[in-house]
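1. Just to be clear, the model below is a prediction. Sequence and coordinates:
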Amino acid sequence: MYDMIQRMTIATRTVLLAFLNDPDVELFGHQLAIRTGISHGTVYPILARLARAGLLTHRWETQGENNWGRPPRQYYRLTPDGRELARKEQAAAERKALRAEMQALCARLATTTKETTT
């Protein structure tokens, strides 16, 4: 399952986490590119990799859904395994951010302590 995601790049993590905002909603590539600020040329290969890894399901838009005469869209949704991995990645990102905040706070306190003792 996760074997195909050998390394979790920032872009891959960002796309995966974009699905967590509303995990039951299907999204298409253009929506994800807009929401994440990641280029279309990067988003689509990420979606393909996540789908091959079993982290996303995908389906093509049906003729009845497309009333605008544009090419059909491919919609993606997290699988249960995808949700699990996305939640783990979200927790890891939150821990990393908290760790960085704590290190910055400790550095400020150390600087303040040195200034007040001299």
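-> Good, I have the coordinates. Numbering: from 1, shown residues only.
2. In the protein, where is pLDDT below threshold?
-> Residues of the chain meeting the criterion pLDDT under 70: 1-6, 117-118.
3. And the longest helix seen in it, what's buried?
-> The helix of greatest length in the chain, counted in residues with DSSP state H as the criterion, is given as helix 80-117. By neighbour count, and taking 16 or more other C-beta atoms under 10 Å as the criterion, the buried residues in helix 80-117 are 82-83, 85-86, 89. Glycine gets a C-beta too; all of them are placed from N, C-alpha and C.
4. Let me have those in CSV, extended by distance to Gly29.
-> Written out in CSV, the entries for these read as follows (distance: C-beta to C-beta, whole Å):
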residue, distance to Gly29
Gly82, 16
Arg83, 19
Leu85, 20
Ala86, 17
Glu89, 20
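5. which residues touch the residue lying closest to Leu20 once chain neighbours are set aside?
-> Among residues not flanking Leu20 along the chain, Ala86 sits closest, at 5.1 Å (C-beta to C-beta, 6 or more residues apart in numbering). Ala86 makes contact with 16-17, 19-20, 23, 55, 78, according to C-beta atoms under 8 Å, 6 or more residues apart in numbering.
6. Now with 6 Å, please.
-> With contacts defined as C-beta atoms under 6 Å, 6 or more residues apart in numbering, Ala86 is in contact with 16-17, 20.
7. and which of these is nearest Pro72?
-> Ranking these by separation from Pro72, with C-beta to C-beta as the measure, puts Leu16 on top at 23.9 Å.
8. count of neighbours near the closest one?
-> Here the count is done by other C-beta atoms under 10 Å, and Leu16 has 24 residues near it.
9. Check the one 4 residues further on too.
-> Other residues near Leu20 come to 14 when the count uses other C-beta under 10 Å.
10. Kindly report the same for Val15.
-> Summarising burial for Val15: neighbours were counted as other C-beta under 10 Å, giving 26.
11. Equivalent analysis for Gly29, please.
-> Using other C-beta under 10 Å, Gly29 has 19 neighbouring residues.
12. Confirm for me that it is in contact with Val43.
-> Yes. In terms of C-beta atoms under 6 Å, Gly29 counts as a neighbour of Val43; the distance is 5.4 Å.
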